[in-house]
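Student: Provide a 3D model corresponding to the input given below.
(2 chains)
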Amino acid sequence: MDYKKYIAQKIKVVGVSEEEIYSSIAVPPDTSMGDYALPCFKFAKVLRSSPVSIAQKLAQEIAADDVIAKITAVNGYLNFAINRGSFVADTLKTIEEQGARYGSSDMGAGKTICIDYSSVNIAKPFHIGHLSTTVLGSSLYKIFSFLGYNVVGINHLGDYGTQFGKLICAYKHWGNKEDVDRRGIFAVNELYVRFNSEATEDMEREAREYFRLIESGDKEANELFEWFKSLTLKYVDKIYERLDVKFDSYNGERFYTDKMQPVIDELKAKNLLKESDGASIVDLEEYGMPPCLILRSDGASLYATRDLAAAYYRKKTYDFDKCLYVVAYQQNLHFKQIFKVLELLGNDWAKDMVHVAYGMVSLEDGAMSTRNGRVVWLEDVIDKCVEKAYAVLQEKNPDLEDKADIAEKVGVGAVIFGALYNSKIKDIVFSYDKVLSFDGETGVYCQYTCARARSVLEKAGAFVAAYPAGYEAEEQEFEVVKALSRFPAIVKDAAEKYEPSIIARYAVDLSQKFNKFYFDCKILAADDGVRELRLCITRATLQTLENSLALLGIKVPEKM
RNA sequence: GCUUCCGUAGUUAAAUGGAUAUAACAAGCCCCUCCUAAGGGCUAGUUAUGGGUUCGAUUCCCGUCGGGAGUACCA
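Tutor: Presented below is the predicted three-dimensional model:
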C-alpha cells in the first residue's frame, strides 16, 4: 500500500490541497524521528501561525490507527511512525507474491522507446571509452522493459566515412589475409593507425577514391568493407554476450545513405536551408547556437544529415514515445542542434528526443589515444577482473564447483558495476586498482550478500512464511524491510532520470542494511516465528537484490 | 571570446529546497569455539569563493576563481 497517500488523506489543512500535502511528505533522516514527516513551514503564511504550533495542532487532530502507530510534532515537523508489524508483513508478502517481477510495472504498456547506444565503429576494437554507452544503454533497456515499455535497442554502427577508404587503401598496400584472419580486428586497426602516420599524398588520394568506390557499389571495395564489418561484429558480439547486451537493430550510418535526400528536400521546401561559404546550413543564431551543417561545400552529407534521416526513419518505423541517444557529453551541441532542426521542421515529436549524456573516460596519464598506444582494451579489463575473481575464489573457497563460471559472473559484474555506480555525467579516470577492488561499495559486495543470504536459506530448508502478530520488529529487521519497500519507487526514479546509478546505489544500501541485520540478528537460531520471519526477510532481500542487479545487467552466482 | 557541464573528508563519490551533510577507499584499532571475514564495529576528517531568493540552500539565481567539453564543412 501507499503509506504516503494514506497519511496525506488524513491530514487536513485549510487552503492546502491533498496533492500538495502528498508531495510535501518526506522521509526523516533518522528512523528514531519517525518513518514519514510533513514539514509545516510552508503552511505558516496561509494559516498565519507558527510552524511549531501548526504541527502541534495537527498532531492532536489526527488519531493513531492500525496503520499509523504514533504521531508527534517536533520543531515544526509532523512526524509519523507507522505500525511496523503490518508494514513488515505487507512488504514481505508483496515481494513473496511478485518474485522476479517485484519492482516492475505496466506504466509503459503500449508505449515504445528507442535507445541508441554502444554504436561501435567498424574496424575498431572496443576500448574502455565504449563501456559507458554500452552498459548505460543496456541497463536503460532493461529498466524500461521492466516498466512495461516496448523497447527498441539500436546499435547505430559507425560504418560510413572516408576512414573506410583509408582502411582499404592501407590493406591493399600493407595488409595480408592470413594476418587479418588470425588477429582479426586488431590487425585491421593497426593498418588504419599505420595509414594515419605513414600515408603519402598519393595514398590519401587513393583512399578518397576507394571511399567513392564503396559508395558507388564497386564489388571489390564492398567485399573488403563487408569483410572488415563482419570481423568487427564477430568481435563485439563476444563482448556483448559477456556483458549481456542485446540489440534489436544494427542499422548504422550507411543504412541512411539513401534516406537523406528527402530530409534535404524538406529543409529546402520549408526555407530552412541557407548557403554559407559554399556549404548548406540551417542558421540557428536566434537560438544561440552555431549553424547546423547539412551539406559540405563539395555537396557531401555530414553527421547531422544522417542523424536527421535516422530520426525520421525511427519515428516512421517505430512510432516511438521517446527516442534516447546514449552518447558522451562531447556531443551536447550536436544533439541540441539536430533536435532544434527537427522542431523547426514542424515535428511535434522533436520534444521526445533525449540526449542521455555521460562523462568521458581518460587514463591516469591523460586522454586515451590509439595512435601512441595509450589505450586500454575492454576485453583486457574484463579478463583481468575475471582472473582476479578466480584467484580470490581459489584462496577463499577452493572447494567450490564451477569456479570459472562464478569468476566470470563476479569479474564481469565488477566491470559493469564500476561503470554504473556513479552519476553518468561524471568523468572517469580509469585505473586498474579501482576496477579490481572487490571491497566496499562494489558489485562484488552485492553479489556476496546474495551468496550469504542464499546460504542461510539453503541451511534452513523448507519453512512456512510467518509474520507473527504483535512482534515488535528489531531496528535492523525494520531497516531492511523499509529498504525493500523502496525498490519500486527506485526503479521509476532511475527511469525518469535515465540514471541506472540510482539502482546501483540502492543495491549497495540494501546490502549494507542486510549485512548489519545478518551480523546482529541470528536467523537460524531464532525462536519459532521470529526465525521464519527472518527467513522471509532474507528471501525477500535476495529476490530484491537479484532484481536490482538484473536491471544493471549483472548476474548473481549461487555461491562464491 | 562565447556556450555548456563540473567543483563536497587525504581519495572516489551520495544527498525530491528540509531536521545532526551520508558512504566507501586509504590510515589506525577491535571482532571468526558464532548462519560465507569478498563481512561487521570503533577512531579521525568535508559543501571552492562573494552576494541574492527563502522560515530553511550542497541543491535555485547572479558574480569570481579553478577544471572538463564544445564552438562550420570529422564522427
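Student: neighbours around the residue nearest to A:Leu378 when sequence neighbours are not counted, how many?
Tutor: Distances taken as C-beta to C-beta, 6 or more residues apart in numbering place A:Phe126 nearest to A:Leu378, at 4.4 Å, with adjacent residues excluded. C-beta coordinates here come from the backbone N, C-alpha and C atoms, glycine included. By other C-beta atoms under 10 Å, 24 other residues sit near A:Phe126.
Student: who's in contact with A:Phe126?
Tutor: Neighbour list for A:Phe126: A:120, A:235-236, A:239, A:377-379 [criterion: C-beta atoms under 8 Å, 6 or more residues apart in numbering].
Student: Narrow the residues you listed to those that are buried.
Tutor: The neighbour-count test (16 or more other C-beta atoms under 10 Å) applied to the contacts of A:Phe126 identifies A:120, A:235-236, A:239, A:378-379 as buried.
Student: so which of those are also by RNA strand B?
Tutor: Counting by C-beta under 7 Å from any atom of the strand, the subset of those that neighbours RNA strand B is empty.
Student: Most widely separated two among the residues you listed?
Tutor: Farthest-apart pair in these is A:Val120 and A:Glu379; separation 13.1 Å (C-beta to C-beta).
Student: which among the contacts of A:Phe126 gets closest to RNA strand B?
Tutor: A:Val120 (10.6 Å; C-beta to the nearest atom of the strand).
Student: Which parts of the stretch 151-300 of chain A are strands?
Tutor: For the stretch 151-300 of chain A, the strands defined by DSSP state E, counting those that start in this stretch cover A:273-276, A:279-282, A:292-295.
Student: For those, could you give me CSV that also reports mean pLDDT, distance to A:Val508 and mean neighbour count?
Tutor: Output for the strands of the stretch 151-300 of chain A, formatted as CSV (pLDDT from 0 to 100; distance: least, C-beta to C-beta, whole Å; neighbours: other C-beta atoms under 10 Å):
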stretch, mean pLDDT, distance to A:Val508, mean neighbour count
strand A:273-276, 95, 51, 13
strand A:279-282, 97, 46, 20
strand A:292-295, 97, 42, 21
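Student: Quick one: closest of those strands to A:Ala407.
Tutor: Closest to A:Ala407 of the strands of the stretch 151-300 of chain A, according to C-beta to C-beta: strand A:292-295, at 48.7 Å.
Student: next helix or strand past that closest one?
Tutor: helix A:303-318 (DSSP states H and E).
Student: Quick one: check stretch A:273-289 for contact with RNA strand B.
Tutor: Yes - using C-beta under 7 Å from any atom of the strand, stretch A:273-289 reaches RNA strand B at A:276-279, A:281, A:288.
Student: Can you name the two of these that sit furthest apart?
Tutor: A:Gly278 and A:Gly288 (24.7 Å).
Student: what about the worst-scoring helix or strand of chain A on mean pLDDT, distance to the chain center?
Tutor: One helix or strand of chain A scores below all others by mean pLDDT, DSSP states H and E: helix A:44-47, with a mean of 86. Computed by C-alpha atoms, centre = their mean, to the nearest Å, the chain-centroid distance of helix A:44-47 equals 43 Å.
Student: list the buried ones in that helix?
Tutor: Residues A:Leu47 are the ones in helix A:44-47 that count as buried (16+ other C-beta under 10 Å).
Student: Quick check: which helices or strands does the helix or strand that that helix is followed by pack against?
Tutor: Sequence order places helix A:51-61 as the next helix or strand after helix A:44-47, per DSSP H and E. Under the contact definition 3 or more C-beta pairs under 8 Å, 6 or more residues apart in numbering; DSSP states H and E, helix A:51-61 sits against strand A:36-39, helix A:44-47, strand A:68-74, strand A:77-82.
Student: and these as a markdown table, adding distance to A:Glu97?
Tutor: Shown next, in a markdown table, are the helices and strands packed on helix A:51-61 (distance: least, C-beta to C-beta, whole Å):
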| stretch | distance to A:Glu97 |
| --- | --- |
| strand A:36-39 | 24 |
| helix A:44-47 | 42 |
| strand A:68-74 | 24 |
| strand A:77-82 | 21 |
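Student: looking at these, which is buried most?
Tutor: Most buried of those, by mean neighbour count (mean count of other C-beta atoms under 10 Å): strand A:77-82, with a mean of 22.
Student: what is the rounded mean pLDDT of the very next helix or strand once past it?
Tutor: Note on strand A:77-82: by DSSP H and E, the next helix or strand toward the C-terminus is helix A:84-98. Averaged over helix A:84-98, pLDDT sits at 94.
Student: and helix A:84-98, which residues are buried?
Tutor: Within helix A:84-98, the residues that count as buried by 16+ other C-beta under 10 Å are A:84-85, A:87-92, A:95.
Student: again with stretch A:370-383
Tutor: By 16+ other C-beta under 10 Å, the buried positions in stretch A:370-383 come out as A:375-376, A:378-379, A:381-382.
Student: quick one: contacts for the nearest residue to A:Tyr77 once chain neighbours are set aside?
Tutor: Leaving out its chain neighbours, the residue that sits closest to A:Tyr77 by C-beta to C-beta, 6+ apart is A:Ala37, at 4.9 Å. For A:Ala37, the contacting residues are A:25-28, A:77-80, by C-beta under 8 Å, 6+ apart.
Student: 7 Å - rerun?
Tutor: Under the criterion of C-beta atoms under 7 Å, 6 or more residues apart in numbering, the contact list for A:Ala37 reads A:26, A:28, A:77-80.
Student: for the stretch 151-300 of chain A, what are the low-confidence residue spans?
Tutor: Scanning the stretch 151-300 of chain A for pLDDT under 70 picks out no residues.
Student: Compute the number of surrounding residues for the residue in it that RNA strand B sits nearest to.
Tutor: Nearest to RNA strand B in the stretch 151-300 of chain A, going by C-beta to the nearest atom of the strand, is A:Arg296, at a distance of 2.7 Å. Residues lying near A:Arg296 (other C-beta under 10 Å) number 13.
Student: mind giving me the domain ranges of chain A?
Tutor: Per the record, chain A has its domains at A:3-82, A:161-247, A:385-552, by automatic domain parsing.
Student: helices or strands up against the top helix by length along chain A?
Tutor: Looking across chain A with DSSP state H, the single longest helix is helix A:219-243. When contacts are defined as 3 or more C-beta pairs under 7 Å, 6 or more residues apart in numbering; DSSP states H and E, helix A:219-243 packs onto helix A:131-146, helix A:162-174, helix A:185-198, helix A:201-215, helix A:378-396, helix A:403-420.
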